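Peer 1: Provided below are the primary sequence and the corresponding predicted coordinates.
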Amino acid sequence: MMVDISRRNALILGGVGIGGVAIGGTGFIMSQGSGSPMAPEPSAGNALVLPPELQSSNGVLTVALECSSQQVSIAGRDVRALSYNGGVPGPTLRVRAGDTLNVSLHNGLTEPSNLHVHGLHVSPEDNSDNMFVTIEAGDSYDYRYELPAAHPPGVYWYHPHHHGFVADQVFGGLYGAIIVDDAEEIPATRERVLVISDITFTASGAIPAAAQMEKMSGREGELVLVNGQLTPELGARPGERERWRVINACTSRYLRLQLDGQQLTLLGIDSGRFESARDVDEVVLAPGNRADLLVTARAGTSTLRALPYDRGASGGMMGGGSSTSAEVSLATFAVDGASTEEFPDVPDQLVPNDLRSATVTAQREFVFAMGMGGGMNGGMMSATINDRTFDASRVDATVQFESVEEWMLTNTSTLDHPLHLHVWPMQIIEQGGRTVESVIWQDVVNIPARSTVRVRVAFDDFRGRTVYHCHILDHEDAGMMGIIQAV
């Protein structure tokens, strides 16, 4: 039976606002690290700065990236963080369907790394989006990503993906946006890339190591940044339409976004475009999710906020507590001046592929569980899928090329787990036992604590071996990841 999805699930399934939310709060300004009175206050309120952009030409974009630890400016402070090409975030890479993206990555870190183009529908083999490549400290590697001619437009991102180092490297500052342009441009006054991340610094400007308890819940940084800035300012005139490409690059933090007083129109989440644009009140992004959002400016000053989000509790594991994030003021949006001409309604999108009527060739269940491994005396966190932790030498699921599978995702733990499947996006069919009425495609699908989600996956275009994992990156590094191979 078709039923309406619950409010919480509606938010997770695509950020469709259901009524306004009135929650008071002030801006998030705090000293970093240990809270020492000697720690300088981060600066806030400067004009938003967009990352530098590199755009393809004649079907090719060739980029040199270097990841390294260096002194950078974050939230107005000179601190030591990780960086691509000296910036946090790294440069935005803009391409089109059918393009070839060449990335030469030099690893200037003291530990191994590699590169994942998150959400791109490209080959997982050879020197494409191959998670089994290791770039040792001081070495370089040349990637080549060939986008299919029918690749979905949207906002994607890149970050390291070497198992065991992912959370530290992303938390440290290694991430950047990828934009796949529309075949036909959607009219807008301007476009902004908003990479939202969080980070923590000590009084001396260093990033502290995460404690075991932080890893169990998934670490959340003390400072929540937009393009490496603290509560930056954006300005527009009434009637202007802005296109915001929003990326949740946080290691564990969920973003329940609200921009009070402004008209928000959601085109889609991740690579999934809705059949028609949706007016929304708020958008929820699990770690790794992205939103393609139109903002039609209304006179007045609004605050982009991340409202509190309850992602469960780590209770029962070393006495862990609630993982409800506090409200955070992310940016201010000041709209004044003479009104401009209104834009036409957003045209309907292409009808997305719908697997609800497809022939399902196999069904699987993936059970996400957490606990303590090795006993309480110095025992480590256990984060498993189907009772197993990640093993690079083991294939956990073998699927048939050009098949459609249905997966039941079961979360037995007290924390939410956002599942990310590389290469192939997932269509959400059912959440918490309730059928989803619309066509929703995402490459990161949240599985709320103590609940189930049913998805379908079409293993088309590419054969090869890649991974699926929890995108709370501390959980991934702890072993909540498996290998899938399409043959």
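Peer 2: Structure's in. What do you need?
Peer 1: Quick check: mean pLDDT of the helix or strand encompassing Thr452?
Peer 2: Using DSSP states H and E, Thr452 sits within strand 451-458. In this model, strand 451-458 carries a mean pLDDT of 98.
Peer 1: Follow the chain on from it and name the next helix or strand.
Peer 2: Per DSSP H and E, the first helix or strand lying C-terminal to strand 451-458 is strand 464-470.
Peer 1: Tell me which helix or strand comes right after that next one.
Peer 2: helix 473-477.
Peer 1: Remind me what that following helix packs against, helices and strands.
Peer 2: Under the contact definition 3 or more C-beta pairs under 8 Å, 6 or more residues apart in numbering; DSSP states H and E, helix 473-477 sits against helix 166-171, helix 212-217, strand 464-470. Any C-beta I mention is one placed from the backbone N, CA and C, and that applies to glycine too.
Peer 1: and that helix, what's its mean pLDDT?
Peer 2: Average pLDDT, helix 473-477: 97.
Peer 1: what does it contact?
Peer 2: Contact partners of helix 473-477, identified using C-beta atoms under 8 Å, 6 or more residues apart in numbering, comprise 163-167, 170-171, 210, 214-216, 218-219, 251-252, 287, 370, 383, 390, 417, 469-470.
Peer 1: can you give me the angle the helix or strand following that helix makes with strand 451-458?
Peer 2: Elements were assigned by DSSP H and E; along the chain past helix 473-477, the next helix or strand is strand 481-486. Angle between the axes of strand 481-486 and strand 451-458 is 30 degrees (criterion: axes from the mean of the first three to the mean of the last three C-alpha atoms, to 10 degrees).
Peer 1: what lines up beside strand 481-486 in the sheet?
Peer 2: strand 397-399 (parallel), strand 464-470 (antiparallel) (DSSP bridges).
Peer 1: among those strands, which is the most enclosed?
Peer 2: Ranked by mean neighbour count under mean count of other C-beta atoms under 10 Å, these are led by strand 464-470, which reaches a mean of 23.
Peer 1: Give the partner strands of the strand holding Thr452 in its sheet and their orientations.
Peer 2: strand 404-411 (antiparallel), strand 426-431 (antiparallel).
Peer 1: Produce a ChimeraX select command limited to the buried residues of the contacts of helix 473-477.
Peer 2: The ChimeraX command for the buried members of the contacts of helix 473-477 (criterion: 16 or more other C-beta atoms under 10 Å) is given here:
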select :163,165,166,167,170,171,210,214,215,216,218,219,251,252,287,370,383,390,417,469,470
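Peer 1: coming back round to it: between the strands paired with strand 481-486, which one is nearest to Leu120?
Peer 2: Nearest to Leu120 among the strands paired with strand 481-486 is strand 464-470 (11.7 Å), distances taken as C-beta to C-beta.
Peer 1: How about residues contacting the closest one?
Peer 2: Under C-beta under 8 Å, 6+ apart, the answer for strand 464-470 is 123-125, 129-132, 366, 368, 383, 385, 390, 395, 417-423, 475-476, 480-486.
Peer 1: Just give the number of residues close to the residue nearest to Val95 when sequence neighbours are not counted.
Peer 2: In space, and not counting its chain neighbours, Val95 is closest to Ser56: 4.6 Å by C-beta to C-beta, 6 or more residues apart in numbering. Applying other C-beta atoms under 10 Å, we find 20 residues neighbouring Ser56.
Peer 1: distance between the strand holding Thr452 and the chain's centre?
Peer 2: 19 Å (C-alpha atoms, centre = their mean, to the nearest Å).
Peer 1: returning to what we had before: would you turn the strands paired with strand 451-458 into CSV with mean neighbour count and mean pLDDT?
Peer 2: Below are those laid out as CSV (neighbours: other C-beta atoms under 10 Å; pLDDT from 0 to 100):
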stretch, mean neighbour count, mean pLDDT
strand 404-411, 20, 98
strand 426-431, 22, 97
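Peer 1: Which one of the ones you listed lies nearest to Gly261?
Peer 2: strand 426-431 (30.2 Å).
Peer 1: Next secondary structure element downstream of the closest one?
Peer 2: strand 434-435.
Peer 1: Can you give the domain ranges for the chain?
Peer 2: Using automatic domain parsing, the domain ranges for the chain come out as 12-18+46-335, 352-486.
Peer 1: re the thing from before, is it possible to get a markdown table of the strands paired with strand 481-486 that adds mean pLDDT?
Peer 2: What follows is the strands paired with strand 481-486, written out as a markdown table (pLDDT from 0 to 100):
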| stretch | mean pLDDT |
| --- | --- |
| strand 397-399 | 98 |
| strand 464-470 | 98 |
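Peer 1: among the ones you listed, which is nearest Leu230?
Peer 2: With C-beta to C-beta, the closest approach to Leu230 among the strands paired with strand 481-486 belongs to strand 464-470: 28.3 Å.
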